[in-house]
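Colleague: here is a sequence with its predicted model. Questions after.
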There are 2 protein chains.
Amino acid sequence: MPDSSAVPPTPAEVEASLRMPLIDAMTTQRAVRRVRPDPVDDEIVLRCLELAVKAPTGSNSQNWEFVVVKDPDTKRRLQDQYRRSWALYGGAGRRLYRQSESMQKVLRAVEWQVEHFHEIPVLVVCCLRGQRIPFAPLPPIAESSYYGSIYPSVQNLLLAARAIGLGASLVTLPLWSTTIARGILGLPLSVTPCCVVPLGWPRGRYGPTTRKPVGEVVHLDRHGNQPWRSR
Amino acid sequence: MPDSSAVPPTPAEVEASLRMPLIDAMTTQRAVRRVRPDPVDDEIVLRCLELAVKAPTGSNSQNWEFVVVKDPDTKRRLQDQYRRSWALYGGAGRRLYRQSESMQKVLRAVEWQVEHFHEIPVLVVCCLRGQRIPFAPLPPIAESSYYGSIYPSVQNLLLAARAIGLGASLVTLPLWSTTIARGILGLPLSVTPCCVVPLGWPRGRYGPTTRKPVGEVVHLDRHGNQPWRSR
């Protein structure tokens, strides 16, 4: 008999789950990298993207583009890119975090994701239209403004996935070469791929995350003035 | 008699409001720029930031820093910067969007925000620690990964503010010179200011936003393949 969690939710169940309290969605959002190969209904993906585009964009330009990748060959080609950059960064990560069991756990989950990338049912490539000139130095705040138009929508996508119970994470390594990624996805030069959100029904579970106390990262008026440190 | 909306919520009311359904928070989030000068309790700001830091960061580096600015002199100095960059971009915006009544409305709201920036009770400057070398060209995806560690938390902050009924928006113009912003906020070179979220009790109201149909910005497998265009 199939595991009951393997039965995808009905549209009515999806709508009901999106009514999850905001605070519960935020406090139990975590990267769920190990997902099953079972398909995810297009309607569910589009529902998540409908909420993604409710996020703000600079000057309300609404200049996002999302490429929903389901084609096996395209997924394989993105996997090749992911494997290439992971060979570099994964090795460095394993050495750097040798002492940290929790980071080793993350690295193993990423390793799993690299090896199974082609089996993940949906890869959402989040892109921005606009004049992003590669290798042309811009004031840092121009770069910040640019990416500030895509990542709020990515966070909405991740929170919507969490509420629906769809495994999701945020990765950039498959796009390390934007030139190659453009070729794979048929993106014109005017569209910049920013990150990938792989989606699938989870093998793992969502649950509470741990974070540093907020007082450690909050300063009052000037950097270094931390009256809430003991909080 | 004071307007009932001028009475700040109790801690219990804040907690209750954070239980707003996720979908309602997302579909009624909008930039609320016109806010009252009345103070916002530190506990409410910290509660929003506690939820901000639940968002993911690259390699779980948790490398955000938030400077909560309440000091009038510091606010004035940030306002000077905002006014300077707005003189440039606001003029261009007014010419560019001469035909669009909705954009003229946005521009008027930003204009209001510039003129009243020093009266806004709390300015949260969202920053990232890390080796962001100004003017050194990086592959675009390295930049994307970098800003991908701050904007998900900024979106959580905006959604939490929306649930609580606190006016909020996302602005970068006051930080146009990161060098000057570093001086104003006492930020070391290792901390990059990314954006400002001004917070205050709204004069305006939250409400549904309008967006292009999702099918217009979603592509299947390859850019240009838009099977959901009519959706």
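Modeller: That came through, no problem.

Colleague: helices of chain A, start to end?
Modeller: Residue ranges of the helices in chain A, as given by DSSP state H, are A:11-17, A:22-27, A:42-52, A:72-96, A:101-115, A:140-147, A:151-164, A:178-185.

Colleague: where are the low-confidence patches of chain A?
Modeller: A:1-6, A:131-138 (pLDDT under 70).

Colleague: does any bit of the lengthiest strand in it sit next to chain B?
Modeller: Taking DSSP state E as the criterion, chain A has its longest strand at strand A:191-200. Yes: residues of strand A:191-200 are located near chain B by CB under 8 Å from any CB of the partner chain, namely A:V191, A:T192, A:P193, A:C194, A:C195. From N, CA and C alone the C-beta is placed, and that goes for glycine too.

Colleague: list the contacts for the spatially most central residue of chain A?
Modeller: When CA atoms, centre = their mean is applied to chain A, the residue found nearest the centroid is A:L170 (2.1 Å). Going by CB atoms under 8 Å, 6 or more residues apart in numbering or on different chains, A:L170 touches A:A31, A:V154, A:L158, A:C195, A:V196, A:V197, B:P56, B:G148, B:P152.

Colleague: check those and tell me the two furthest apart.
Modeller: Greatest spatial distance among the contacts of A:L170 (CB to CB): A:V196 and B:P152, at 14.5 Å.

Colleague: any idea how far B:D80 is from A:F117?
Modeller: 49 Å (CB to CB, to the nearest Å).

Colleague: the two: which is more packed in?
Modeller: When neighbours are counted by other CB atoms under 10 Å in any protein chain shown, A:F117 comes out ahead of the other of A:F117 and B:D80, with 22 against 14.

Colleague: these two touch, right, that one and A:L173?
Modeller: No: counting by CB atoms under 8 Å, A:F117 does not reach A:L173; the two are 10.2 Å apart.

Colleague: hey, what's in contact with both of the two?
Modeller: A:Y82.

Colleague: A:L199 and A:P39, how far apart?
Modeller: 11 Å.

Colleague: of the two, who's got more company?
Modeller: Legend: neighbour count by other CB under 10 Å for A:L199 and A:P39, higher for A:L199 (25 against 13).

Colleague: look up which residues are beta-bridged to the more buried one.
Modeller: Listed beta-bridge partners, A:L199: A:V122, A:A168 (assigned using DSSP bridges).

Colleague: what sits against it?
Modeller: With CB under 8 Å, 6+ apart, A:L199 has these contacts: A:35, A:40, A:45, A:48, A:120-124, A:161, A:166-168.

Colleague: ok, now how distant is it from B:H223?
Modeller: 19 Å.

Colleague: number of nearby residues for the closest residue to A:R229 other than its chain neighbours?
Modeller: Nearest non-adjacent residue to A:R229, counting by CB to CB, 6 or more residues apart in numbering or on different chains: A:G215, 4.7 Å away. Residues contacting A:G215 under the criterion other CB under 10 Å number 16.

Colleague: count the neighbours of A:P11 for me.
Modeller: A:P11: 11 surrounding residues under other CB under 10 Å.

Colleague: hang on, I meant A:R129
Modeller: Number of residues near A:R129 (other CB under 10 Å) recorded here: 17.

Colleague: hey, what's it bridged with?
Modeller: Counting by DSSP bridges, A:R129 is bridged to A:V191.

Colleague: isn't it right next to A:E65, touching?
Modeller: Yes: with contact defined as CB under 8 Å, A:R129 counts as touching A:E65 (6.0 Å).

Colleague: measure A:W112 to A:E119 for me?
Modeller: 11 Å.

Colleague: same check, this time on A:V68
Modeller: A:V68 is 16 Å from A:E119, by CB to CB.

Colleague: A:L51 too?
Modeller: 26 Å.

Colleague: looking at the two, which is more packed in?
Modeller: Between A:L51 and A:E119, counted using other CB under 10 Å, the more crowded position is A:L51 (22 against 14).

Colleague: what about the spatially closest residue to the more buried one that is not a sequence neighbour, how many neighbours?
Modeller: Closest residue to A:L51 apart from its sequence neighbours, by CB to CB, 6+ apart: A:A160 at 4.5 Å. Using other CB under 10 Å, A:A160 has 27 other residues around it.

Colleague: residues near the residue nearest to A:Q226 when sequence neighbours are not counted, how many?
Modeller: Among residues not flanking A:Q226 along the chain, A:H219 sits closest, at 5.6 Å (CB to CB, 6+ apart). Using other CB under 10 Å, A:H219 has 25 neighbouring residues.

Colleague: next one: the one 4 residues further on
Modeller: As a burial measure, A:H223 scores 18 neighbours (other CB under 10 Å).

Colleague: the one 4 residues further on now?
Modeller: Using other CB under 10 Å, A:P227 has 13 other residues around it.

Colleague: if I pick it, what's in contact with it?
Modeller: Neighbour list for A:P227: A:L220 [criterion: CB under 8 Å, 6+ apart].

Colleague: can we see that at 10 Å?
Modeller: A:G215, A:V218, A:H219, A:L220, A:D221, B:D42, B:V68 (CB atoms under 10 Å, 6 or more residues apart in numbering or on different chains).

Colleague: leaving out chain neighbours, which residue sits closest to A:G130?
Modeller: Spatially, and ignoring its direct neighbours in sequence, A:G130 is nearest to A:N63 (5.4 Å; CB to CB, 6+ apart).

Colleague: isn't that neighbour right next to A:G148, touching?
Modeller: No: in this structure A:N63 lies outside contact range of A:G148 using CB atoms under 10 Å: 11.5 Å.

Colleague: which neighbours do those two share?
Modeller: Counting by CB under 10 Å, 6+ apart, the residues touching both A:N63 and A:G148 are A:T57.

Colleague: report the contact partners of the residue nearest to A:L78 when sequence neighbours are not counted.
Modeller: With CB to CB, 6+ apart as the criterion, A:L78 has its nearest non-adjacent residue at 4.7 Å, and that residue is A:P174. With contact set as CB under 10 Å, 6+ apart, A:P174 has these partners: A:75, A:77-86, A:113-114, A:117, A:123, A:125, A:180-181, A:184, A:193, A:195-196, A:198, B:141.

Colleague: what's the answer for A:S59, then?
Modeller: Applying CB under 10 Å, 6+ apart to A:S59 gives the contacts A:S145, A:S149, B:Y89, B:G93, B:L96, B:Y97, B:M103, B:V106, B:L107, B:V110.

Colleague: looking at A:N63 and A:G148, which is more packed in?
Modeller: More crowded of A:N63 and A:G148, by other CB under 10 Å: A:G148, with 24 against 19.

Colleague: no further queries at this time; thank you.
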